[in-house]
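1. Provide a 3D model corresponding to the input given below.
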Amino acid sequence: MIKAVQWKKPVELLSRDDLEKVHAASLKILEKTGIIMPVNKEREQLLREHGVKVDSNKSLCHIPPEVVEDALAKAPGSYKLCALNPAYDLTLDGERGYLSSDGSATGIIDLETGELRKSTKQDVGDVACIAEHLPQISFLWPSVSAQDCKAKIQPLHELQALLANSGKHIQAMTAVDPLNARGTIEIAAHLVGGKEALRERPIISNFQCSLSPLSYDRSNLEAALIFANAGVPVGFVTMQIGSSTAPITLAGNLALGNAEVLAGITLIQLCFPGTPVFYGTCSTMMELKRGGITSGGPEDFLIQAYASQLARYYKIPSSIGTFCSSSKTNDWQAGMENSLSGVVSAFSKADMMSGAGLINAAKVFSIEQMLLDCETFDLICSLGQGAEINDYTLALDVIDKVGPQGHFMAEEHTYNNLSKVWMPSIANRESYEDWEKSGRPSPKTIASEKAREILKNNKKEPDKADAEISRIITSYEKEAY
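-> Model prediction:
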């Protein structure tokens, strides 16, 4: 089962005039200031043929507004993220929002000791195993890094661990170079029956990040083009930091990041028209006292809402950084920041929301936090449904039957609608006395016990497909080293 948030009407913080001003500013940035996009000579020539001015020495591209507009028109507004288990297929159509566990943290809070340590390939698999059994998690990133594997092919090991433990869609976001892009496609194609089958049912997707301000890395772009050529959905995600790698004003921050995403989408559509793409942001602000990032401030939440609205303006699915607290543990701060973040993304109708489980400004992953974030998301899903107003739900006949000073507990109408009332799985609603008798369990304790139970009862044994994936990884290891 997959649980998505469905909000009937989005909250829109920007007016149509605001959106058009941001769009116009981004187009001016791309045309006048330009953006560094290192590509090979063949791609450079293609860009020139479409009217892009390219300075080969600097890899600086000046992209005319009409080129961007034409590219946006070629991008599909709706498509599927398929999964190994078709029951987990996700439709990106603007009608529902999906949550993922966030990606590539270098540290993890050990589930047994509670201590921070480096993450491993086993951790990638364990998180995926737990996420497989959480209906609120719709698709997976490599939530932590497989730091015990050889660095140059680490993304392939992470993909193997995910595939061995889950049948959900995988966003292979650590494949940021051509070698790992090719390896990722080969592994996915092997599992679905070949490259044409993968094109028909892309069980993986990918995104590449810009290097703010106004730059992309050659390897990132080559990887994106490899995925696009295979028919795999590709996103572009900005992670600009206001007052550091982007203007301190939210409008300037938004215009810069928007320009970077539009440039990536334009490149993909010029090279491979019709490729499924998505618009992503994990933008934030610089923390003014220490020079880090805020990761949980009001500016972050506003950028989430603005970026989601811009993606709708372009009729392109969005991927919005959500649930990423700067707290160091599962405490009030994490709950406060993540609840606000989740509500903003959900009510802004973000198609994909990433961040469940991250603390310490995305540097550390906590399995307990992932479960706590899922509880928050579950509540938001219920909130998003709103109230249906009709003759049945107004319940006038039942009210008339019960009358003054009666009760509704024995009514069939009540019984038939019990399942529609939200019930927590972690939040504690016991009386104070019962809570004390049960040992005063904290939400973190309950989440930890649930995670251990899932791992205990759902470990998978390696199969033939896993052995073939190992063979593929070995071949790429030889190429890398």
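2. In contact with P65, which residues are there?
-> Counting by CB atoms under 8 Å, 6 or more residues apart in numbering, P65 touches 27, 30-31. Glycine gets a C-beta too; all of them are placed from N, C-alpha and C.
3. quick one: pLDDT of it?
-> According to the prediction, P65 has pLDDT 98.
4. ok, now D466?
-> According to the per-residue confidence, D466 scores 85 in pLDDT.
5. And for M1?
-> Per-residue pLDDT puts M1 at 82.
6. ok, and the closest non-adjacent residue to it?
-> With sequence-adjacent residues excluded and distances taken as CB to CB, 6 or more residues apart in numbering, M1 is closest to P135, at 4.5 Å.
7. what's the answer for I320, then?
-> A350 (4.0 Å).
8. G296 now?
-> If you skip the residues right next to it in sequence, G296 has E337 as its closest partner in space, 3.5 Å away by CB to CB, 6+ apart.
9. model confidence over the helix or strand encompassing the one you found, on average?
-> Secondary structure here is read from DSSP states H and E; on that basis E337 sits in helix 332-347. Averaged across helix 332-347, the pLDDT comes to 96.
10. Now tell me what touches it from outside.
-> Contacts to helix 332-347, defined as CB under 8 Å, 6+ apart, come from residues 5, 7, 10-11, 97, 295-296, 300-302, 304-305, 308, 320, 322-327, 353, 355, 359, 369, 372-373, 376-377, 380-381, 383-384.
11. Can you list which of these are found in helices?
-> Applying DSSP state H to the contacts of helix 332-347, the entries found in helices are 300-302, 304-305, 308, 369, 372-373, 376-377, 380-381, 383-384.
12. contacting residues for the residue nearest to G321 when sequence neighbours are not counted?
-> Distances taken as CB to CB, 6+ apart place C282 nearest to G321, at 3.3 Å, with adjacent residues excluded. C282 sits next to 237-239, 320-321, 324, 354, 362 when contact means CB under 8 Å, 6+ apart.
13. ok, 10 Å please
-> Applying CB atoms under 10 Å, 6 or more residues apart in numbering, we find C282 in contact with 102-103, 209, 237-240, 257, 295, 300, 303-304, 307, 319-322, 324, 354-355, 362.
14. Could you do D18 as well?
-> Counting by CB under 10 Å, 6+ apart, the residues that D18 touches are 12, 251, 254, 306, 309-310.
15. buried ones in the helix or strand containing it?
-> Using DSSP H and E, D18 sits within helix 16-28. Residues of helix 16-28 classed as buried by neighbour count (16 or more other CB atoms under 10 Å): 18-19, 22-23, 25-27.
16. Just put the residues you listed in TSV and tack on pLDDT and distance to D397.
-> Shown next, in TSV, are these (pLDDT from 0 to 100; distance: CB to CB, whole Å):
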residue	pLDDT	distance to D397
D18	98	47
L19	98	47
V22	98	51
H23	98	52
A25	98	57
S26	98	56
L27	98	58
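17. Using a markdown table, lay out those residues together with distance to L116.
-> What follows is the buried residues of helix 16-28, written out as a markdown table (distance: CB to CB, whole Å):
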| residue | distance to L116 |
| --- | --- |
| D18 | 42 |
| L19 | 42 |
| V22 | 39 |
| H23 | 43 |
| A25 | 42 |
| S26 | 39 |
| L27 | 45 |
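18. Which of these sits closest to I153?
-> Within the buried residues of helix 16-28, the smallest distance to I153 is 36.3 Å, found for S26 (CB to CB).
19. If I follow the layout properly, that closest one ends up in contact with N253?
-> No: judged on CB atoms under 10 Å, S26 makes no contact with N253 at a distance of 11.6 Å.
20. Would you mind measuring from the most centrally placed residue in the chain to F301?
-> With distances taken as CA atoms, centre = their mean, S354 lies nearest the centre of the chain, 3.1 Å away. With distances defined as CB to CB, to the nearest Å, the gap from S354 to F301 amounts to 15 Å.
21. Span of stretch 381-394 from start to end?
-> The first and last residues of stretch 381-394 sit 22 Å apart, counting by CA to CA, to the nearest Å.
22. Show residues contacting it.
-> Under the criterion CB under 10 Å, 6+ apart, residues 3-9, 96-97, 99, 135-136, 342-343, 346-347, 349, 397-398, 413, 416-417, 420-423 lie in contact with stretch 381-394.
23. and that stretch, how far from the chain's centre?
-> Chain-centre distance of stretch 381-394: 28 Å, with CA atoms, centre = their mean, to the nearest Å.
24. Could you list the buried residues of it?
-> Of the residues in stretch 381-394, those with enough neighbours to count as buried (16+ other CB under 10 Å) are 381, 384.
25. okay, now R290: neighbour count?
-> 7 (other CB atoms under 10 Å).
26. where does it fall, helix, sheet strand or coil?
-> Here R290 takes the coil state, with states given by DSSP: H, G, I helix; E, B strand; the rest coil.
27. Could you give the separation of the helix holding E337 from the chain centroid?
-> The chain centroid and the centroid of helix 332-347 are separated by 15 Å, computed with CA atoms, centre = their mean.
28. quick one: buried residues of the lengthiest helix in the chain?
-> When every helix of the chain is counted residue by residue (DSSP H), the longest turns out to be helix 250-271. Residues of helix 250-271 classed as buried: 250, 252-271 (neighbour count, 16+ other CB under 10 Å).
29. show me where the stretch 151-300 of the chain has strands.
-> Using DSSP state E, counting those that start in this stretch, the strands found in the stretch 151-300 of the chain span residues 169-171, 204-209, 234-238, 241-242, 277-281, 284-285.
30. For I108, which non-adjacent residue is spatially closest?
-> Counting by CB to CB, 6+ apart, the nearest residue to I108 once its immediate chain neighbours are dropped is S119, at 4.4 Å.
31. Likewise for D126?
-> Closest to D126 by CB to CB, 6+ apart is L455, at 6.0 Å.
32. same thing with I29?
-> Spatially, and ignoring its direct neighbours in sequence, I29 is nearest to A259 (4.3 Å; CB to CB, 6+ apart).
33. Give the full set of residues in contact with the one you found.
-> For A259, the contacting residues are 22-23, 25-31, 33-35, 63, 68, 210, 212-214, 238, taking CB under 10 Å, 6+ apart as the criterion.
34. pLDDT wise, what is it at?
-> In this model, A259 carries a pLDDT of 98.
35. Confirm that G94 sits in a strand.
-> No: residue assignment for G94, taken from three-state DSSP, gives coil, which places it outside any strand.
36. residues near it, how many?
-> The number of residues near G94, taken as other CB under 10 Å, comes to 18.
37. wait, doesn't it sit right on Y314?
-> No: in this structure, G94 sits apart from Y314 without contact. The criterion is CB under 10 Å, and the distance is 11.6 Å.
38. pLDDT weak spots in the stretch 251-400 of the chain?
-> Residue ranges of the stretch 251-400 of the chain with pLDDT under 70: none are present.
39. quick check: domain ranges of the chain?
-> The chain breaks down into these domains under automatic domain parsing: 72-385, 391-420.
40. Span of the last one from start to end?
-> Across domain 391-420, the straight-line distance between its terminal residues is 17 Å, by CA to CA.
41. residues of it that come out buried?
-> Buried residues in domain 391-420, defined by neighbour count with 16+ other CB under 10 Å: 395, 402, 411.
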